[in-house]
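> model the structure of this input:
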Amino acid sequence: MSTDKISSLQAVVAHLWRSVVRSRRLNADEEVCYSLIIGMRQRLQPPLPEEYLGNAVLFGNVTATAGDLLERGLGWAAWQINKMIASQTAEEVRKFVEDWIKTPKFVTVSSLLISNKLATGSSPRFNVYGNDFGWGRPLAVRSGVGNKYDGKLTVFAGREEGSIDFEACLSPEKLLAMADDAEFNQALVS
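Next up is the predicted model:
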């Protein structure tokens, strides 16, 4: 699944990652991590049967120093995310499953609570605004109170065609710092 093109989602999450790291005011040599849950359904060979109802995901991580992330720019950060996603192959899934059988490890919320980490869950591929339970389309969608921690981003397809919604779980201090971040604000569309 190698690609030489950075997607709009990769660019947006790279922009958010850089802004959150700036808001944390870290030393240049501190390590930062961006974690993304990657869907594996389209990557598996042979493919999962249509009747399969469970998740087929792997965690992918990109690490850098705060200095590299901020100094090398948005394109570099997005390219690191792109390369990590492209590296998640059917062979990686097989290796993960084989290793897991030998040494099972379970992901818990507490294992995600690393101070310099930002993690994204969900996907803009899920048509959450297409749900209508008899009251009309939703005006907004939120993921609920479960699995929340400082540094958790949830992404949805936006209400308007081609848009993306983000739900950011960040401390008030980080949000205030981001409100004063000129580079972050320059990219916002009103």
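> can I get the top helix by length along the chain in PDB? Just the C-alpha atoms.
Determined from DSSP state H, the single longest helix within the chain is helix 8-24. As requested, C-alpha coordinates have been extracted for helix 8-24 and formatted as PDB (Å, rounded to 0.1, in the frame of the first residue of the first chain):
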ATOM      1  CA  SER A   8      -5.500  15.500   3.300                       C
ATOM      2  CA  LEU A   9      -6.000  13.500   6.500                       C
ATOM      3  CA  GLN A  10      -2.300  12.900   6.900                       C
ATOM      4  CA  ALA A  11      -1.700  16.600   6.400                       C
ATOM      5  CA  VAL A  12      -4.300  17.600   8.900                       C
ATOM      6  CA  VAL A  13      -3.200  15.200  11.600                       C
ATOM      7  CA  ALA A  14       0.500  16.200  11.000                       C
ATOM      8  CA  HIS A  15      -0.600  19.900  11.500                       C
ATOM      9  CA  LEU A  16      -2.500  19.000  14.700                       C
ATOM     10  CA  TRP A  17       0.500  17.000  16.000                       C
ATOM     11  CA  ARG A  18       2.900  19.800  15.400                       C
ATOM     12  CA  SER A  19       0.500  22.300  17.100                       C
ATOM     13  CA  VAL A  20       0.000  20.200  20.100                       C
ATOM     14  CA  VAL A  21       3.800  19.600  20.500                       C
ATOM     15  CA  ARG A  22       4.300  23.400  20.200                       C
ATOM     16  CA  SER A  23       1.600  24.000  22.900                       C
ATOM     17  CA  ARG A  24       3.400  21.600  25.200                       C
END
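> what mean pLDDT does it get?
Along helix 8-24, the predicted local confidence has a mean pLDDT of 93.
> tell me what the helix or strand immediately after that helix in the chain is packed against?
Moving toward the C-terminus from helix 8-24, the first helix or strand encountered (DSSP states H and E) is strand 31-39. For strand 31-39, the contact count by 3 or more Cβ pairs under 8 Å, 6 or more residues apart in numbering; DSSP states H and E identifies helix 8-24, strand 57-65, helix 66-71, helix 73-86, strand 117-123 as packing neighbours. (Glycine included, C-beta is placed from N, CA and C.)
> any idea which element the residue lying farthest from the centre of the chain lies in?
Relative to the centre of the chain, the most outlying C-alpha is that of residue 134, 31.5 Å out, by Cα atoms, centre = their mean. Element membership of residue 134, judged by DSSP H and E, is empty: it is in no helix or strand.
> quick one: low-confidence ranges for the chain?
Along the chain, segments meeting pLDDT under 70 span 1-2, 109-114, 189-190.
> picking up where we left off before, and the helices and strands packed on strand 31-39 as a markdown table, adding mean neighbour count?
Output for the helices and strands packed on strand 31-39, formatted as a markdown table (neighbours: other Cβ atoms under 10 Å):
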| stretch | mean neighbour count |
| --- | --- |
| helix 8-24 | 21 |
| strand 57-65 | 16 |
| helix 66-71 | 18 |
| helix 73-86 | 18 |
| strand 117-123 | 20 |
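> understood, closing this out.
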